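Q: Here's my sequence, what's the structure:
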Amino acid sequence: MPSISRRELLAGCAAGLTAGLAGCADPDAVMYVEPVSAATDIATKATTAPDSRDAETAALVAETVAGGTNRTSRNDRGNPPYQPDRPVRYNGTVYDLDWNATGRQQQRTEHLLSLTIHDADSDYAPEVSFDELPAVDQERLTILPRVIGDIQEANETAGLPEPFERQVWYPPAEREASALVPEPAYDTIEVNGYPVTVTVEPVTVQLPVFAYTATERASSLAAFGRELRSAHRFPLTGLSDAEHEFFRMVIEEGSFYKGGFDDVEDGVFEGVADQFVREPALFTPYESEAEWLTRYDGTDYWVTIDFVRMSEYADRIQAVEEL
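A: Take a look at the predicted model:
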């Protein structure tokens, strides 16, 4: 599979962005099959780790493993800042992470960036372009060029000026690097040829504090993979000839999109899906989606099925009692 997520892929299908993929057109269900021959392959699928570009979450995991840490919610929605849906791998070891609300709150100052997009022919004179802003500012306003691009594409420039607001948090080091907070160094910036005026207002927020702890689950990925293989792998047997042919096709292609557009005989996908929903799933990241470890024709496979529009199957998904 490509590196994009399954949910992004489905969204792309719905939007017609990945129409080149066979059967990618508003599917009723999607199946992904990936060989996991080695124990480490199994463990990699069954664990997660922070994105290498997410230094904040990487630090949270490192501190949690080292003895526990506290973190605030990242915004005023009050959610824990990191909620992995499976064990976490760190330095080759597998950990279960737990988090709990402490009942305490922490105050911090965020900034409300109020920007107004003006017509390209207006009298406003930009002092700097968007691309010349510090990276910390560009990251927080990544959506702004897209907003202007949408205005251009829809030919809605007659509706300008257009207000645009974004409340953001700058850690102290990034605040020092910013050209926008705490006071903007520029009154007007240029974005895609349009002048955008900027005002900034500090906003005090109260954020809940969460306590994170870690428990070692396995000393290595290989050990964790062997544990899962022993406890949760099931043999995919009892298939009809048509179901065998179908599953081999999905193995070869890596994925299958079920719908009125596919050329699979009626009932064949359902027959294979029945075999999976009878077994407890290792992970259920969404109500309609589940992941299993199965063995077929001498090889282990990691199988993910999203019953997008097949609630009669989604309702039968059950998770393992203990991973």
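
Q: Which helix or strand contains the nearest residue to P202 once chain neighbours are set aside?
A: Excluding the flanking residues, the one nearest P202 by Cβ to Cβ, 6 or more residues apart in numbering is T109, at 5.2 Å. C-beta coordinates here come from the backbone N, C-alpha and C atoms, glycine included. Per DSSP states H and E, T109 falls inside strand 93-117.

Q: So for that strand, what gets flagged as buried?
A: 93-95, 97, 99, 110-111, 113, 115-117 (16 or more other Cβ atoms under 10 Å).

Q: And the furthest pair within those?
A: Between any two of these, the greatest separation by Cβ to Cβ is 50.7 Å, found for T93 and T116.

Q: still on that earlier bit, mind giving me CSV with the buried residues of strand 93-117 and columns for pLDDT and distance to A211?
A: Below are the buried residues of strand 93-117 laid out as CSV (pLDDT from 0 to 100; distance: Cβ to Cβ, whole Å):
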residue, pLDDT, distance to A211
T93, 98, 21
V94, 98, 21
Y95, 98, 15
L97, 98, 11
W99, 98, 7
E110, 95, 23
H111, 96, 28
L113, 96, 32
L115, 94, 37
T116, 94, 42
I117, 93, 42
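
Q: Pick the one among those closest to P161.
A: For the buried residues of strand 93-117, the nearest to P161 is T116 (4.9 Å; Cβ to Cβ).

Q: Tell me the spacing between that closest one and P163.
A: 5 Å (Cβ to Cβ, to the nearest Å).

Q: S220 now?
A: 54 Å.

Q: Spit out the contact partners of the nearest residue to F130 once chain neighbours are set aside.
A: Closest residue to F130 apart from its sequence neighbours, by Cβ to Cβ, 6+ apart: V191 at 4.4 Å. With contact taken as Cβ atoms under 8 Å, 6 or more residues apart in numbering, V191 is in contact with 117, 129-130, 144-145, 148.

Q: swap the cut-off to 6 Å and go again
A: Contacts were defined as Cβ atoms under 6 Å, 6 or more residues apart in numbering; by that measure V191 touches 130, 144-145, 148.

Q: Quick one, which of those are buried?
A: For the contacts of V191, burial is judged from neighbour counts taken by 16+ other Cβ under 10 Å, and it is met by 130, 144, 148.

Q: out of the residues you listed, which are inside helices?
A: 144, 148 (DSSP state H).

Q: which one of the buried ones among the contacts of V191 is nearest G298?
A: Nearest member of the buried ones among the contacts of V191 to G298, counting by Cβ to Cβ, is L144, at 53.7 Å.

Q: For the closest one, which non-adjacent residue is closest in space?
A: V191 (5.7 Å).

Q: Can you give me the distance of the one you found to V147?
A: Here V191 is placed at a distance of 9 Å from V147 (Cβ to Cβ).

Q: and E34, how many neighbours?
A: 15 (other Cβ atoms under 10 Å).

Q: go on, D297?
A: Residues within reach of D297, counting by other Cβ under 10 Å, total 10.

Q: Same check on Y296?
A: 18.

Q: Do you have the strands of the stretch 151-300 of the chain handy? List them.
A: In the stretch 151-300 of the chain, the strands defined using DSSP state E, counting those that start in this stretch lie at 162-168, 188-191, 194-218, 234-235, 255-258, 283-286, 289-296, 299-306.

Q: Looking at these, spot the one closest to G68.
A: In terms of Cβ to Cβ, the element of the strands of the stretch 151-300 of the chain nearest to G68 is strand 194-218, at 4.8 Å.

Q: Output the below-cut-off pLDDT ranges for the protein.
A: Low-confidence segments of the chain, defined by pLDDT under 70: 1-25.

Q: Out of all residues in it, which is the farthest from the middle?
A: D123 (42.0 Å; Cα atoms, centre = their mean).

Q: Helix, strand or coil: sort out that one for me.
A: coil (DSSP: H, G, I helix; E, B strand; the rest coil).

Q: Distance of it relative to L293?
A: Going from D123 to L293 by Cβ to Cβ gives 65 Å.

Q: Then G271?
A: Counting by Cβ to Cβ, the separation of G271 from L293 is 20 Å.

Q: Between those two, which has more neighbouring residues?
A: The neighbour comparison of G271 against L293 (other Cβ under 10 Å) goes to L293, with 22 against 16.
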